[in-house]
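*Asks:* starting from these lines, generate the structure:
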Amino acid sequence: MKRRTFFRLGLATGALTVTRNFFGSTLYEEKSFSGKTDAPIVLSTWIHGLEANRAAWDVLQKGGKAVDAVEAGVKVTEADITNRSVGIGGRPDRDGHVTLDACIMDEQSRCGSVAFLEGIAHPIAVARAVMEKTQHVMLVGDGAKKFALEQGFKTSKTPLPEVKKDWKKWKEENKELFVKPRINHENHDTIGMIAMDQYGNLSGACTTSGWAYKMHGRVGDSPIIGAGLFVDNEVGAATATGLGEAIIRIAGSHTVVELMRHGFSPQKACEEAVKRILSKHKDLTNLQCCFLAIDKDGNFGAHSVYAGFNYALKTKQDDKMVDSTFDRNW
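*Replies:* Predicted coordinates:
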């Protein structure tokens, strides 16, 4: 064998073992994962993901596309009037406004997003319309609502009476300008959903009413492509939930997908993203952040800062909740 040929083969073989990521550090290719399944598959955050997954599955089992499945799935949660962190049943900001955020991304890397949107029943549908009917990615506030009304989307009066009653009580008890988050395993904010259809294509959706009693105008990670959601059909998809400010600081979902591109399994990529969040914060009090990911081979994983995060899994064999791994106990 000629020396030049041998050298080329040696480089190719080495690439199977070691790869260099975009941060410049050397990574050994990880083959571990928390699960693997054949397509189609749906994954979504928190207990409300069970019903959402079933709606998405109805689309997928009929040969539907992943983008249609994730929209149909999260709509179930948006319409649940008992849910206090997503959709029309959500809690308001400190001024009494229920402002909704959502984004969607498909297998072609097309994406749409809305933020600070009031009075619209399904922000995820508006986000998809932004993706498909405009040249933009994100519309916010009054502009997003004007667009939604022009497109004929259903409206909804918020907050709900029982939610408004709770807000008034909270307002009486909290006179200060800003209240720190009280995040724990009972505070299930957001639904992020990622899915692979029978064709092997990936899509994702994320929707929320945001941090309860937040400052008026606050937008978290959920509608931000690359933070609350990211899809690259060549590699995988990821979504996030938890304290949005911390997730934005590391472009969390994009980071998870890029780590998978450079050899990490979905599980290890989620773990690394959590480690980066930990490294950026001196005070970890109530700082719960969680990541959920899938790659093109059907490997999937999840990891959180604290115990308590679980996700819904729907496949041909499974329809269940799965507890994620975590860095720290409460």
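
*Asks:* chain center to stretch 82-89, what's the gap?
*Replies:* Distance of stretch 82-89 from the chain centroid (CA atoms, centre = their mean, to the nearest Å) equals 16 Å.

*Asks:* one more: stretch 80-100?
*Replies:* 18 Å.

*Asks:* restricting to C-alpha, output that stretch in CSV.
*Replies:* What follows is stretch 80-100, C-alpha atoms only, in CSV (Å, rounded to 0.1, in the frame of the first residue of the first chain):
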residue,chain,number,x,y,z
ASP,A,80,-56.7,22.7,27.7
ILE,A,81,-58.3,25.3,30.0
THR,A,82,-56.9,23.5,33.1
ASN,A,83,-53.3,24.0,32.0
ARG,A,84,-51.9,27.1,33.7
SER,A,85,-48.7,27.4,31.7
VAL,A,86,-49.8,26.9,28.1
GLY,A,87,-52.5,28.4,26.0
ILE,A,88,-55.8,30.0,27.0
GLY,A,89,-55.8,28.6,30.5
GLY,A,90,-52.4,30.2,31.2
ARG,A,91,-51.6,32.6,34.0
PRO,A,92,-51.1,36.3,33.2
ASP,A,93,-48.1,38.6,33.7
ARG,A,94,-48.0,40.9,36.6
ASP,A,95,-50.2,43.4,34.8
GLY,A,96,-52.9,40.8,34.2
HIS,A,97,-52.2,40.0,30.5
VAL,A,98,-52.0,36.4,29.3
THR,A,99,-49.3,36.7,26.6
LEU,A,100,-48.6,33.6,24.5
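
*Asks:* list the buried residues in it.
*Replies:* Neighbour-count burial for stretch 80-100, counted by 16 or more other CB atoms under 10 Å, picks out 80, 83-94, 97-100. (Each C-beta comes from the backbone N, C-alpha and C, glycine too.)

*Asks:* so which of the residues you listed belong to strands?
*Replies:* residue 100 (DSSP state E).

*Asks:* any low-confidence regions in the stretch 201-330 of the chain?
*Replies:* 330 (pLDDT under 70).

*Asks:* strands of that one, residue ranges please.
*Replies:* Along the stretch 201-330 of the chain, counting by DSSP state E, counting those that start in this stretch, strands occupy 202-208, 229-232, 236-242, 289-295, 299-306, 310-314, 319-323, 325-328.

*Asks:* which neighbouring elements make contact with the last one?
*Replies:* It refers to strand 325-328. Where contact means 3 or more CB pairs under 8 Å, 6 or more residues apart in numbering; DSSP states H and E, strand 325-328 is packed against helix 266-280, strand 299-306.

*Asks:* sheet partners, orientation included, of that strand?
*Replies:* strand 299-306 (parallel) (DSSP bridges).

*Asks:* strand 236-242 and the partner strand, what's the angle between them?
*Replies:* Here the directions of strand 299-306 and strand 236-242 differ by 20 degrees (axes from the mean of the first three to the mean of the last three CA atoms, to 10 degrees).

*Asks:* next, the angle from strand 299-306 to strand 310-314.
*Replies:* Using the same axes, to 10 degrees: strand 299-306 against strand 310-314 is 160 degrees.

*Asks:* before we move on, the earlier item: so which of the helices and strands packed on strand 325-328 is the most packed in?
*Replies:* Comparing the helices and strands packed on strand 325-328 by mean neighbour count (mean count of other CB atoms under 10 Å), strand 299-306 comes out on top with a mean of 26.

*Asks:* between the helices and strands packed on strand 325-328, which gets nearest to residue 192?
*Replies:* Closest to residue 192 of the helices and strands packed on strand 325-328, according to CB to CB: strand 299-306, at 10.6 Å.

*Asks:* could I have the closest one exported to CSV, CA atoms only?
*Replies:* Taking C-alpha atoms only, strand 299-306 is exported to CSV below (Å, rounded to 0.1, in the frame of the first residue of the first chain):
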residue,chain,number,x,y,z
ASN,A,299,-31.8,7.6,19.5
PHE,A,300,-33.3,9.9,22.1
GLY,A,301,-32.4,11.3,25.5
ALA,A,302,-33.2,14.0,28.1
HIS,A,303,-31.4,15.7,31.0
SER,A,304,-32.2,18.4,33.5
VAL,A,305,-30.5,20.5,36.2
TYR,A,306,-32.7,19.2,39.0
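
*Asks:* quick revisit: the helices and strands packed on strand 325-328: which one's closest to residue 64?
*Replies:* Closest of the helices and strands packed on strand 325-328 to residue 64 is strand 299-306, at 20.0 Å (criterion: CB to CB).

*Asks:* that closest one to strand 289-295, inter-axis angle?
*Replies:* Relative orientation of strand 299-306 and strand 289-295, computed by the same axes, to 10 degrees: 170 degrees.
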